[in-house]
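Novice: just to be clear, the model below is a prediction. Sequence and coordinates:
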Amino acid sequence: MLKSYSTLLFNSPNGVREFMNKIEDIRDIAHLKIGAVGSKTKELLERYKIKADFIPKEYLEKLANVVRKYNKTPMIWGDVLVKHPDKISKLSKDIVFIDWGYNKAYDFVNHAKMLEELKVKYLLAPGTSTWSSITGRFIDMKETIENSTCSSKKYHGLGILLTDWGDMGHLQYLPSSYLGFIYGAMLSWSSGTIEDAEKYLAIILNDETLAIITLSRT
């Protein structure tokens, strides 16, 4: 199974121990790039005569330095790090942490509170929730935009980054994303309801297109 992978990242010493107890032939990882999160994980790997090819924080800083050379701001997706507050606090202060969540139940509130307490610059990233679908997932779009904008305002984030992906061949009809764009802009800059956003949408779309968009509510 390991032959289909190119990288193996160990997140903790316990992860190293469990892996070593289960692997039958250490040569099975000879082709892999090995990463270690934290010095203790790195040290334990070395006891097994395995040298880490990279340590994520060091690798991150190398990438960030490339960005800084062009007078740009480094930004990172935080879906892994958000589960490790102790690692987040060690990020360089100029790095912008992006916490993304596309499910209506995603906990933007507590994540934003934690990031403010850690004094990390951050953006919250909801989505139009149209990818891998034809008409989109209305409730996920509405709830993630509302929760992220409210949480970012309350806990002093930099704002939101509204995402629109093209998974599975970008099947979605582009206007399906328009309602999310409008609603995200409204709540970021001012206030309003999803019904207000739909009124603006009706101004820019013809009846046939609008009929397709309303299918996302069903």
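Specialist: All right, it came through fine.

Novice: residues in contact with Glu146?
Specialist: Glu146 makes contact with Leu187, according to Cβ atoms under 8 Å, 6 or more residues apart in numbering. Any C-beta I mention is one placed from the backbone N, CA and C, and that applies to glycine too.

Novice: what about it, helix or strand, and which?
Specialist: Using DSSP states H and E, Glu146 falls within helix 138-154.

Novice: flag every buried residue along that helix.
Specialist: 138, 140-149, 151-152 (16 or more other Cβ atoms under 10 Å).

Novice: tell me if Ile34 really is in a strand.
Specialist: Yes: counting by DSSP: H, G, I helix; E, B strand; the rest coil, Ile34 falls inside a strand.

Novice: and the helix or strand that contains Glu43, average pLDDT?
Specialist: Glu43 belongs to helix 39-47 when assigned by DSSP H and E. The average pLDDT within helix 39-47 is 87.

Novice: beyond that helix, next helix or strand please.
Specialist: Later in the chain than helix 39-47, the nearest helix or strand by DSSP H and E is helix 56-69.

Novice: with just CA atoms, put that next one into CSV.
Specialist: Taking C-alpha atoms only, helix 56-69 is exported to CSV below (Å, rounded to 0.1, in the frame of the first residue of the first chain):
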residue,chain,number,x,y,z
PRO,A,56,7.1,21.1,8.7
LYS,A,57,7.8,24.3,10.5
GLU,A,58,11.3,24.6,9.0
TYR,A,59,9.8,23.7,5.6
LEU,A,60,7.1,26.3,6.1
GLU,A,61,9.6,29.0,6.9
LYS,A,62,11.6,28.2,3.7
LEU,A,63,8.5,28.6,1.7
ALA,A,64,7.5,31.7,3.5
ASN,A,65,10.9,33.2,2.9
VAL,A,66,10.4,32.8,-0.9
VAL,A,67,7.1,34.7,-0.6
ARG,A,68,8.7,37.4,1.5
LYS,A,69,11.4,38.0,-1.2
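
Novice: and that helix, what's buried?
Specialist: Neighbour counts over helix 56-69 (16+ other Cβ under 10 Å) mark Pro56, Leu60, Ala64 as buried.

Novice: where do the strands of the protein begin and end?
Specialist: Applying DSSP state E to the chain gives strands spanning 7-10, 33-36, 75-77, 96-100, 122-125.

Novice: can you list these in a markdown table and add mean neighbour count?
Specialist: A markdown table is the format used below for these (neighbours: other Cβ atoms under 10 Å):
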| stretch | mean neighbour count |
| --- | --- |
| strand 7-10 | 16 |
| strand 33-36 | 19 |
| strand 75-77 | 15 |
| strand 96-100 | 21 |
| strand 122-125 | 24 |
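
Novice: redo the ones you listed as TSV? Include mean pLDDT and distance to Ile26.
Specialist: As requested, those are exported to TSV (pLDDT from 0 to 100; distance: least, Cβ to Cβ, whole Å):
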stretch	mean pLDDT	distance to Ile26
strand 7-10	88	12
strand 33-36	88	12
strand 75-77	93	32
strand 96-100	96	36
strand 122-125	98	39
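
Novice: in a markdown table, list those strands along with distance to Tyr48.
Specialist: A markdown table is the format used below for the strands of the chain (distance: least, Cβ to Cβ, whole Å):
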| stretch | distance to Tyr48 |
| --- | --- |
| strand 7-10 | 11 |
| strand 33-36 | 11 |
| strand 75-77 | 29 |
| strand 96-100 | 32 |
| strand 122-125 | 36 |
